[in-house]
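can't give you the sequence, but here's the structure:
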């Protein structure tokens, strides 16, 4: 079996995608045979979280520690470089297929009680292709336990660069604030993007600039936010609904040998939300949450 588990192939018109069992990640999205997202092989681990689903928290938790409901918890430190817990509990688990059709697949997982996490949440993600509009994703969670549960979610697609270097890529991010980070890459405040290199609201050619930064106060005109990643040979738009109020933008020159990418991560909350409470969702028993995002061509 492939390292990423069972492969679920989707197609609609000129679009094709592959979703994987391990982590329920998006392994590839193509249009007319050309990569829209940065792919990885069936026998590779997804590099730098490529295509990952981030539940029940996105980004990092400081020291893997948090307090909730009067109790303190310690999670495994899955980001040894910074001494934090990163990107949740679903990345390295096998998700179960709920439905698989020619143009769509739904995968589900039960996040069961374990060390540092005593809650019960069922998560499902649906990837669907539309021949005209591209990829549509719906992520949903339900508290199946008997006590309130902290929750956050995000997804981690990388937009492909069509053979170009990051220097030639233009990125547009509709955010008014950037998150100021400490040495452990945990937010310690916000800063207006106005007048700084983080002002990407009208679209900026990267040149020598590189980012691994969180953004807040993201605009959703008409209920929809949009981030554009454009190259001289085309590009893609990551769109997301109002369930996602935060973004992480990560530019990487060599995600794979000779292949760069731009990660655009819609998130319900910033890093360390289990501690700060910023953007944190608290799901009551039987309560559900859902959010939608997708990828279109530009």
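Noted; the coordinates are in hand. For clarity, every value in this text was computed on a predicted model and none was experimentally measured.

contacts and neighbour counts: CA atoms only from here.
OK.

which residues does residue 293 bridge with?
Note on residue 293: beta-bridge partners residue 137, residue 240, judged by DSSP bridges.

Give the full set of residues in contact with it.
Contact analysis of residue 293 by Cα atoms under 8 Å, 6 or more residues apart in numbering lists 136-138, 238-241, 266.

what does residue 265 give?
154-157, 247-249.

Looking at these, which is nearest residue 38?
Of all the contacts of residue 265, residue 38 sits closest to residue 157, with 8.0 Å by Cα to Cα.

Grab the nearest non-local neighbour of the closest one.
With Cα to Cα, 6 or more residues apart in numbering as the criterion, residue 157 has its nearest non-adjacent residue at 4.3 Å, and that residue is residue 51.

go on, residue 19?
residue 26 is the one closest to residue 19 (Cα to Cα, 6+ apart), at 4.6 Å.

count of neighbours near the one you found?
Residue 26 has 26 neighbouring residues, counting by other Cα atoms under 10 Å.

phi, psi of it?
phi -90, psi 110 (degrees, to the nearest 10).

Return the residues in contact with it.
With Cα under 8 Å, 6+ apart, residue 26 has these contacts: 17-20, 50-52, 157.

how about TSV for those, with distance to residue 60, neighbour count and secondary structure added?
TSV is the format used below for these (distance: Cα to Cα, whole Å; neighbours: other Cα atoms under 10 Å; DSSP: H, G, I helix; E, B strand; the rest coil):
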residue	distance to residue 60	neighbour count	secondary structure
17	28	27	strand
18	27	20	strand
19	24	26	strand
20	23	25	strand
50	16	24	coil
51	17	29	coil
52	14	26	strand
157	17	28	coil
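
Now flag whichever of the residues you listed is closest to residue 30.
Nearest to residue 30 among the contacts of residue 26, with distances taken as Cα to Cα, is residue 17, at 6.2 Å.

residue contacts, the nearest residue to that closest one once chain neighbours are set aside?
Nearest residue to residue 17, sequence neighbours excluded (Cα to Cα, 6+ apart): residue 29, at 4.3 Å. With contact taken as Cα under 8 Å, 6+ apart, residue 29 is in contact with 15-18, 35-39.

Ramachandran angles for residue 232?
Torsion angles, degrees, to the nearest 10, at residue 232: phi -60, psi -10.

Mind pulling up the pLDDT for it?
We have a pLDDT of 96 for residue 232.

quick one on the thing from earlier: reformat the contacts of residue 265 as CSV; add secondary structure and distance to residue 147.
Listed next are these as CSV, based on DSSP: H, G, I helix; E, B strand; the rest coil; distance: Cα to Cα, whole Å:
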residue, secondary structure, distance to residue 147
154, strand, 23
155, strand, 26
156, strand, 29
157, coil, 32
247, strand, 29
248, strand, 30
249, strand, 34
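
between those residues, which is closest to residue 85?
residue 154 (15.0 Å).

ok, what's across the strand from that closest one?
residue 54, residue 267.
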